[in-house]
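sequence and computational prediction follow.
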Amino acid sequence: MKLNKLLIHVILIMVSITMIVPFAWMALTAFKTVTESTSVNPFTIFPAKWITSNFTEVINNMDFMKLYLNTLLLIVGRVFFAVMTSTIAGYALARLDFPGKTMCFGLVLFQMMVPSQIFIIPQYLMVSKLGMLDTIFALIFPGLVSAFGTFLLRQTFMSLPRDLEEAARIDGCNIGQTFLLIMMPLVRSGMIALGIFTAVFAYKDLMWPMIVNKNVMPLSAALAKMQGQYTNNYPQLMAASLLACIPMIILYLIFQKQFVEGIATSGGKL
């Protein structure tokens, strides 16, 4: 038994190291010179002299406050609409009986199976027809609904006993009151998990922002434009990447407990 535990711990440590090394390399490169960052010497791990000019130049050349704001609006917008629409649709598919219910759920599953890149052209045409290109709304548009979120919340609602709804109906609650006052608070962990997943997906979304917007950009698109065709200033690129990681690090530190609870509660029902 002790040998098994030791083996498990060794494997977990090795996996953790493989996950930490890229982040450590990024942080160390941000304090190096261009020469050190491109050195082929395998022992050039730590910078010979820790410099902060990379951060200064990046902050001076890029409007990080505007990029942070655009990214924040992108994340908040997608999280709000995804959680709201997924919760309503998930409850309807799990608890209500209506014509075409099976077909609607089948369409949700079908959308989950299809690569998201297939919807880029129709979504672009829709945003263009609305005259909303190069706006915050254009960034939020693909996240107005979430097939994954609908499926996740449906499974979470399915796990709740029907006696709760029957008791609410006996007490005089209609469908809306039952949903808002009784059922929705019970799936809060699933809603939080969906919100965090949506926030992470929105934060690292690159293709869609670069297609629909030229000026109103989130952090991911701005970082992609820092890469040159022939040469790259890796220290400045890593410094900008390190600054771009701050929102997600803060988000995880704040919602770490809810994230773990959401995965534990909803993941087992998928």
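Good, I have the coordinates.

hey, C-alpha coordinates of the one helix or strand residue 107 maps to in PDB?
Assigned by DSSP states H and E, residue 107 belongs to helix 101-113. The C-alpha trace of helix 101-113 is given here as PDB (Å, rounded to 0.1, in the frame of the first residue of the first chain):
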ATOM      1  CA  LYS A 101     -38.300  18.400 -26.400                       C
ATOM      2  CA  THR A 102     -36.300  15.300 -27.600                       C
ATOM      3  CA  MET A 103     -35.500  17.000 -30.900                       C
ATOM      4  CA  CYS A 104     -34.300  20.200 -29.100                       C
ATOM      5  CA  PHE A 105     -32.000  18.200 -26.800                       C
ATOM      6  CA  GLY A 106     -30.700  16.300 -29.800                       C
ATOM      7  CA  LEU A 107     -29.800  19.600 -31.500                       C
ATOM      8  CA  VAL A 108     -27.900  20.600 -28.300                       C
ATOM      9  CA  LEU A 109     -25.900  17.400 -28.500                       C
ATOM     10  CA  PHE A 110     -25.300  17.800 -32.200                       C
ATOM     11  CA  GLN A 111     -23.900  21.300 -31.700                       C
ATOM     12  CA  MET A 112     -21.500  20.000 -29.000                       C
ATOM     13  CA  MET A 113     -20.300  17.400 -31.500                       C
END
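
how about residues contacting that helix?
Outside helix 101-113, the residues that touch it by C-beta atoms under 8 Å, 6 or more residues apart in numbering are 89, 93, 147-148, 150-151, 154. All C-beta spots, glycine's among them, are computed from the backbone N, C-alpha and C.

after whatever helix or strand residue 35 lives in, next one along is what?
Using DSSP H and E, residue 35 maps to helix 34-37. Helices and strands here follow DSSP H and E; after helix 34-37, the next one along the chain is helix 53-61.

where does this structure dip in pLDDT?
For the chain, residues meeting the criterion pLDDT under 70 lie at 1, 40, 42-43, 228-231, 258-270.

returning to that earlier point: mind picking the two most distant members of the contacts of helix 101-113?
Spatial extent of the contacts of helix 101-113 (C-beta to C-beta) is set by the pair 93 and 148 at 13.5 Å.

who has more neighbours, the two?
Set residue 93 next to residue 148 and count neighbours by other C-beta atoms under 10 Å: residue 93 wins out with 21 against 16.

mind checking the SS state of the more buried one?
helix (DSSP: H, G, I helix; E, B strand; the rest coil).

show the contacting residues for it.
101, 104-105, 108, 150, 154.

and if we set it to 6 Å?
Residue 93 makes contacts with 105, 154, as judged by C-beta atoms under 6 Å, 6 or more residues apart in numbering.

what's the helix or strand for the residue sitting nearest the centre point of the chain?
Central residue of the chain (C-alpha atoms, centre = their mean): residue 200, 1.7 Å from the mean position. Using DSSP H and E, residue 200 maps to helix 188-203.

now that helix: buried residues?
Within helix 188-203, the residues scored as buried using 16 or more other C-beta atoms under 10 Å are 189-199, 201-203.

also stretch 106-114?
Here stretch 106-114 shows 108, 111 as buried, counting by 16+ other C-beta under 10 Å.

return the distance of that stretch from the chain's centre.
20 Å (C-alpha atoms, centre = their mean, to the nearest Å).

if I read this right, residue 47 contacts residue 31, doesn't it?
Yes - using C-beta atoms under 6 Å, residue 47 makes contact with residue 31 at a distance of 4.9 Å.

these two - which one has more neighbours?
Between residue 47 and residue 31, residue 31 has the larger neighbour count (other C-beta under 10 Å), namely 21 against 16.

quick one: the residue lying farthest from the centre of the chain from residue 108, how far?
The outermost residue of the chain, judged against the average C-alpha position, is residue 170 (40.2 Å), by C-alpha atoms, centre = their mean. From residue 170 across to residue 108, the span is 31 Å (C-beta to C-beta, to the nearest Å).
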